[in-house]
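**Student:** mind folding the following:
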Amino acid sequence: RRADRDSAESTISVSWNRGDGVSGLREKGMETIIRKTLEVLVVRSQDPQCVIQVALQEIVEDGSSLATGINAAVAGLVDAGVALHSLCTAVAVALMPDGSAALDPNREEEAAAVATITVAIRSTDRAVL
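**Tutor:** Okay, the predicted model is just below:
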């Protein structure tokens, strides 16, 4: 696409692959959230007209997948030497029916939860992404 070639910033592409090889709306939604999170962290002006591809392979889905994906993507970018404005860490929290909170909930806890949320926090200013 011409707009991508003329861009003054790099583009970030995220693909989420399930262990069984079937991807659906859940995976597409997580790809979008992770991409938008990474766009805030990566120094995209350093490598204009480049595509930074992040591929995440889910081997076992045992809960907290989005938080795990964000943490894995950031760790992968650090390992690859991609310039970042900041690091971030993500955590999933499930509100249980008894009013307690479960950090890093597994699949059973997520299914039983009243609500779940995933929060990513930037290291430089502790902003929620």
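
**Student:** pretty sure residue 32 is in a helix, no?
**Tutor:** Yes: Residue 32: assigned to a helix according to DSSP: H, G, I helix; E, B strand; the rest coil.

**Student:** show me where this structure has strands.
**Tutor:** 11-17, 51-57, 88-95, 101-103, 115-122 (DSSP state E).

**Student:** so which of those is nearest residue 73?
**Tutor:** With Cβ to Cβ as the criterion, residue 73 lies closest to strand 51-57 of those, at 5.0 Å. C-beta: built from backbone N, CA, C; applies to glycine.

**Student:** which other helices and strands contact the closest one?
**Tutor:** On a contact count with 3 or more Cβ pairs under 8 Å, 6 or more residues apart in numbering; DSSP states H and E, strand 51-57 meets strand 11-17, helix 25-41, helix 65-80.

**Student:** got phi/psi on residue 99?
**Tutor:** Dihedral pair for residue 99: phi 90, psi -10, per degrees, to the nearest 10.

**Student:** ok, it to residue 84 distance?
**Tutor:** Distance of residue 99 to residue 84, computed by Cβ to Cβ, to the nearest Å: 37 Å.

**Student:** one more: residue 91?
**Tutor:** To residue 84, residue 91 is 19 Å away according to Cβ to Cβ.

**Student:** also residue 123?
**Tutor:** Taking Cβ to Cβ, one finds residue 123 at 9 Å from residue 84.

**Student:** of the two, who's got more company?
**Tutor:** More crowded of residue 123 and residue 84, by other Cβ atoms under 10 Å: residue 84, with 18 against 14.

**Student:** tell me the confidence at the closest residue to that one other than its chain neighbours?
**Tutor:** Among residues not flanking residue 84 along the chain, residue 41 sits closest, at 5.1 Å (Cβ to Cβ, 6 or more residues apart in numbering). pLDDT for residue 41: 95.

**Student:** now do residue 4
**Tutor:** pLDDT, residue 4: 51.

**Student:** quick one, grab the pLDDT at the residue located most distally from the centre of the chain.
**Tutor:** The outermost residue of the chain, judged against the average C-alpha position, is residue 98 (29.0 Å), by Cα atoms, centre = their mean. If you check residue 98, the pLDDT there is 96.
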